[in-house]
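Novice: Here is the input, now give the coordinates:
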Amino acid sequence: MARVADGGARASERLTRSLDAGLAERTAVNRAFFQAESERLARLCHRMAERFDRSGRLVAFGRTPGARSDVRHVAVEFVHPVIVGKRALPALGIPADYVGLTVEADDIAVAFGDDVAEAVGVARERGCLTVAFASVGAEWEFAPAVADPSIRQELVETLYHVLWELVHVFFDHLRVNTRGAGASSFLYPFLGERSDDLDAVVEDVRQSILLKADEVAALRAQTLTDNREELLAAAAGLRRDLDDGGQVLALGNGGSATDAMDVVADFRADGRRAIDLTEDPAILTAIANDIGTEAIFARQVIAYGRPGDALLALSTSGNSANVIAALAEARRRGLRTIALVGYDGGRVAAERLADHVVVTRSQHIPRIQEAQASAYHLLGELVELAATS
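Specialist: Numbering: from 1, shown residues only. Below is the predicted model:
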């Protein structure tokens with residue numbers, strides 16, 4: 001018995017070291033990346049604002065399952081802004097093969113993945129402003145120099161969140177969008193003609209980018225440190241479930257739905273069985289239309305969930321009715337329940353509505369999602385490491 005206990009302690013220590021090492025690497029590369037790229041990102045915000053002012057759209061595209069989760073994430077952020085009072089900006093997420101059928105001259109083409117060079121070339125030929133996160137021939141390329149694909153994805157997610165948040169600065173402070181000004185529009189010249197103001201605002205935006213990078217680093221540390229035991233226990237239990245033939249069901253709303261896509265893509269890449277409960281619009285809209293949005297996930301748990309499976313729920317508030325309903329249904333059916341929640345954890349944390357609750361303590365939705373990405377990426381790594389511990 002003593003040997004078993006010692007072995008368990010050593011396994012726990014090994015997983016803890018892995019979690020701590022993952023946090024340390026993320027902290028270092030986050031700081032280096034945004035220090036190096038903050039000015040270019042600020043100037044890209046300016047260029048994007050000009051395109052939106054000319055009625056251009058953001059068109060994001062990719063091929064792989066992981067890339068498609070980012071494609072959907074950046075689109076929903078621009079179309080459905082959670083910054084109070086900010087305008088919705090036109091954004092589409094499409095498969096890379098449809099770029100030629102979609103993009104127009106004033107659009108912003110955002111490419112995810114290293115297998116989309118041909119699509120980027122088509123977008124450039126059409127006159128689009130092109131942005132990419134690998135060397136694929138875009139005008140603006142941001143390729144984090146880090147081997148771990150999960151850490152690269154987290155840096156890119158922070159990057160496009162920053163673009164979405166700060167492109168509005170150029171609208172608000174330099175009045176890029178003069179639509180509706182009528183005869184007085186001459187009072188608001190184009191941004192490029194106001195180089196004195198532009199340099200000052202670019203510097204303000206650059207400093208804001210650095211502050212946001214520091215904010216997510218601190219929040220990531222809080223998430224992975226305060227919730228260490230929750231993550232370790234969730235990983236150990238999830239490993240047992242998967243080894244016994246179980247599967248992961250993942251869900252979330254909005255940007256958290258795209259994170260559920262990413263979770264499922266990661267588990268499938270590791271050879272694990274996983275289902276994305278946000279994936280099928282026919283099922284989602286049928287349930288929402290016939291019963292209500294509160295049931296869109298719970299009904300799928302009834303259909304797919306079995307004892308020995310696990311439900312992983314992502315919510316920035318911890319109060320989403322459809323998430324809470326799904327967690328309740330999962331518990332009734334004998335599934336392990338794991339919840340990643342923001343703010344103070346909401347009802348999910350206060351009422352302990354999941355077996356394992358990881359709380360990211362912030363009220364800033366983009367930063368919550370970025371820290372949650374680190375949590376679920378490391379959860380997946382710990383699941384695989386648990387087999388050899």
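Novice: average model confidence for stretch 214-232?
Specialist: Mean per-residue pLDDT for stretch 214-232: 97.
Novice: List of residues touching that stretch?
Specialist: Here stretch 214-232 makes contact (CB atoms under 8 Å, 6 or more residues apart in numbering) with 12, 15-16, 19, 22-23, 26-27, 30-31, 158, 356-362, 364, 367-368, 370-372, 374-375, 378-379, 382. (C-beta placed from N, C-alpha, C; glycine too.)
Novice: Pull out the buried positions in that stretch.
Specialist: Neighbour-count burial for stretch 214-232, counted by 16 or more other CB atoms under 10 Å, picks out 215-217, 219-221, 223-224, 227-228, 230-232.
Novice: CA atoms of that stretch as PDB?
Specialist: Written as PDB, here are the backbone C-alpha positions of stretch 214-232 (Å, rounded to 0.1, in the frame of the first residue of the first chain):
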ATOM      1  CA  ASP A 214       0.300  41.600 -19.300                       C
ATOM      2  CA  GLU A 215      -3.300  41.300 -18.200                       C
ATOM      3  CA  VAL A 216      -3.700  37.900 -19.900                       C
ATOM      4  CA  ALA A 217      -0.400  36.700 -18.500                       C
ATOM      5  CA  ALA A 218      -1.500  37.500 -15.000                       C
ATOM      6  CA  LEU A 219      -5.000  36.000 -15.500                       C
ATOM      7  CA  ARG A 220      -3.400  32.800 -17.000                       C
ATOM      8  CA  ALA A 221      -1.200  32.500 -13.900                       C
ATOM      9  CA  GLN A 222      -4.300  32.900 -11.600                       C
ATOM     10  CA  THR A 223      -6.300  30.300 -13.600                       C
ATOM     11  CA  LEU A 224      -3.500  27.700 -13.700                       C
ATOM     12  CA  THR A 225      -2.300  28.300 -10.100                       C
ATOM     13  CA  ASP A 226      -5.600  28.700  -8.100                       C
ATOM     14  CA  ASN A 227      -7.200  25.800 -10.000                       C
ATOM     15  CA  ARG A 228      -4.200  23.500 -10.000                       C
ATOM     16  CA  GLU A 229      -5.900  20.800  -8.000                       C
ATOM     17  CA  GLU A 230      -9.100  21.000 -10.000                       C
ATOM     18  CA  LEU A 231      -7.100  20.600 -13.300                       C
ATOM     19  CA  LEU A 232      -5.100  17.700 -11.900                       C
END
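Novice: ok but residue 109 is inside a strand, no?
Specialist: Yes: counting by DSSP: H, G, I helix; E, B strand; the rest coil, residue 109 is located in a strand.
Novice: And residue 262, how close does it get to residue 197?
Specialist: 39 Å (CB to CB, to the nearest Å).
Novice: hmm, I was thinking of residue 89
Specialist: 22 Å.
Novice: Looking at these two, which one has more neighbours?
Specialist: Applying other CB atoms under 10 Å to residue 89 and residue 197 shows that residue 89 carries more neighbours, namely 22 against 14.
Novice: The closest residue to that one other than its chain neighbours: what's it in contact with?
Specialist: Counting by CB to CB, 6 or more residues apart in numbering, the nearest residue to residue 89 once its immediate chain neighbours are dropped is residue 78, at 4.4 Å. Applying CB under 8 Å, 6+ apart to residue 78 gives the contacts 58, 88-91, 164.
Novice: now with 10 Å?
Specialist: Applying CB atoms under 10 Å, 6 or more residues apart in numbering to residue 78 gives the contacts 48, 52, 57-58, 60, 87-92, 108, 110, 160, 163-164, 167.
Novice: on that earlier part again, tell me which of the buried residues of stretch 214-232 is nearest to residue 252?
Specialist: residue 223 (16.0 Å; CB to CB).
Novice: so where is this structure shaky, pLDDT-wise?
Specialist: 1-9, 83-84, 172-196, 387-389 (pLDDT under 70).
Novice: quick check, distance from the longest helix along it to the centre of its chain.
Specialist: Taking DSSP state H as the criterion, the chain has its longest helix at helix 2-53. Averaging C-alpha positions (CA atoms, centre = their mean, to the nearest Å) puts helix 2-53 13 Å from its chain's average.
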